[in-house]
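*Asks:* With the input below, show me the fold.
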Amino acid sequence: MIRWGLVTLTSKKRRKAEIKNTKVKYNDLVTRNYNSKIDNIISTDVSYIPATAIHNHIYLSVAISHKTKKIELWKISENDDIKLIFVTLDELDRKGFILHSDHGFQYSSYEVTKKVEEMNSQISMIRIGN
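*Replies:* I've put the predicted structure just below:
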């Protein structure tokens with residue numbers, strides 16, 4: 001193909017930008033103390049996994065215990081929305097914990113913050129830029 005002057009055009013796959021709500025301010029109660037002896041800190045995040053055979057992506061919500069470093073639970077969904085977080089929190093079956101997350105739109109939404117408060121728990125968010 002090079003001999004005939006033919007080249008193939010390829011486009012780079014672009015990663016979708018994260019939506020972060022930087023206007024919501026919650027204290028970082030964990031302050032990077034990842035070797036915590038406190039058993040009530042749960043870290044959580046939503047990641048996407050490319051799955052072109054099914055849809056564009058599937059979304060994975062994970063809750064990890066800070067003390068044991070083990071996955072408490074995980075949920076998969078076809079949609080990156082607040083419902084995924086609600087399912088994760090409902091099945092967590094804990095009270096009085098610290099939910100440590102980033103400033104993603106799911107965790108800074110009014111509905112999720114209200115749900116965490118109803119569970120007698122606190123929200124902790126990492127500093128913006130991490």
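
*Asks:* Quick one: end-to-end length of stretch 78-85, please.
*Replies:* Distance between the boundary residues of stretch 78-85 (CA to CA, to the nearest Å) amounts to 13 Å.

*Asks:* next one: whichever helix in the chain runs longest to chain centre, how far?
*Replies:* Longest helix in the chain, counting residues (DSSP state H): helix 82-92. Remark: helix 82-92 is offset 11 Å from the chain centroid, using CA atoms, centre = their mean, to the nearest Å.

*Asks:* The helix or strand following it: partners in the sheet, and parallel or antiparallel?
*Replies:* The helix or strand immediately downstream of helix 82-92 is strand 98-101, counting by DSSP states H and E. Neighbouring strands of strand 98-101 in its sheet, by DSSP bridges, are strand 41-50 (parallel), strand 122-125 (parallel).

*Asks:* Next up, phi/psi of Glu118, please.
*Replies:* Phi and psi for Glu118, reported as degrees, to the nearest 10, are phi -70, psi -20.

*Asks:* give the contact list for it.
*Replies:* By CB atoms under 8 Å, 6 or more residues apart in numbering, Glu118 lies in contact with nothing. Placement of C-beta: from N, CA and C, glycine included.

*Asks:* If anything else comes up later, I'll come back, but that's it for now.
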